[in-house]
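Trainee: sequence plus predicted model, see below.
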Amino acid sequence: MLTDAQKTVDDLVKDFEPPYWPPLSQFARLSEEVGEVARLLNHMYGLKPKKREEAEQQLGEELADVIFTVLCLANSHGINLDVELEKAFDKLRIRDKDRFEKK
C-alpha cells in the first residue's frame with residue numbers, strides 16, 4: 001500500500017544532504033502541516049472566516065503534505081508503514097470490533 005510511496009519519497013530526497021531532516025525538525029514540520037489542515041477545516045466548517053489576503057488552499061493538497069511528511073519520518077527511522085498500518089487495521093478489526101455501534 002505505502003511501500004511504493006515510501007520508495008518514491010526516498011528517491012526524491014536521496015540526493016539532498018542530509019536526505020532527511022533530524023527527527024525533531026521533521027516533527028515540527030509535521031505539526032506545521034497538520035496545523036494547516038486544522039486552519040483550513042476551521043475556515044471551511046468552523047467559526048473562523050478566511051482573511052481576504054490568504055491564499056486559497058485545497059484540503060487534498062494539505063492532507064498530501066501531511067502524508068509526505070509522515071513518509072519522510074517513517075523512512076528516516078526505517079519503518080515499513082505497510083506493516084504498521086496493517087497493525088492499526090487489526091486494532092479496529094479485533095480489539096475494537098465491538099467498541100462502536102454498527103449500522
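Mentor: The structure has been received and is ready for your questions.
Trainee: what's next to stretch 47-61, contact-wise?
Mentor: Residues outside stretch 47-61 that contact it (CB atoms under 8 Å, 6 or more residues apart in numbering): 36-37, 39-44. For every residue, glycine as well, the C-beta is placed using N, CA and C.
Trainee: buried ones among those?
Mentor: Buried subset of these (neighbour count, 16 or more other CB atoms under 10 Å): 36-37, 39-40.
Trainee: avg pLDDT for stretch 33-45?
Mentor: For stretch 33-45, mean pLDDT rounds to 95.
Trainee: touching it from outside, list them.
Mentor: For stretch 33-45, the external contacting residues (CB under 8 Å, 6+ apart) are 48-50, 57, 59, 62-63, 65-66, 69.
Trainee: repeat the analysis, applying 10 Å as the threshold.
Mentor: Stretch 33-45 is touched from outside by 46, 48-51, 54, 56-59, 61-70, with contacts defined as CB atoms under 10 Å, 6 or more residues apart in numbering.
Trainee: is there a quick PyMOL command that grabs whichever of those are buried?
Mentor: In PyMOL, this line selects whichever of the contacts of stretch 33-45 come out buried by 16+ other CB under 10 Å:
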select buried, resi 62+65+66+68+69+70
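Trainee: from the contacts of stretch 33-45, which land in helices?
Mentor: Of the positions in these, 59, 61-70 sit in helices, assigned by DSSP state H.
Trainee: mind giving me the packing neighbours of the helix or strand that residue 88 is a member of?
Mentor: Applying DSSP states H and E as the criterion places residue 88 in helix 81-90. Counting contacts by 3 or more CB pairs under 10 Å, 6 or more residues apart in numbering; DSSP states H and E, helix 81-90 packs against helix 3-13, helix 59-76.
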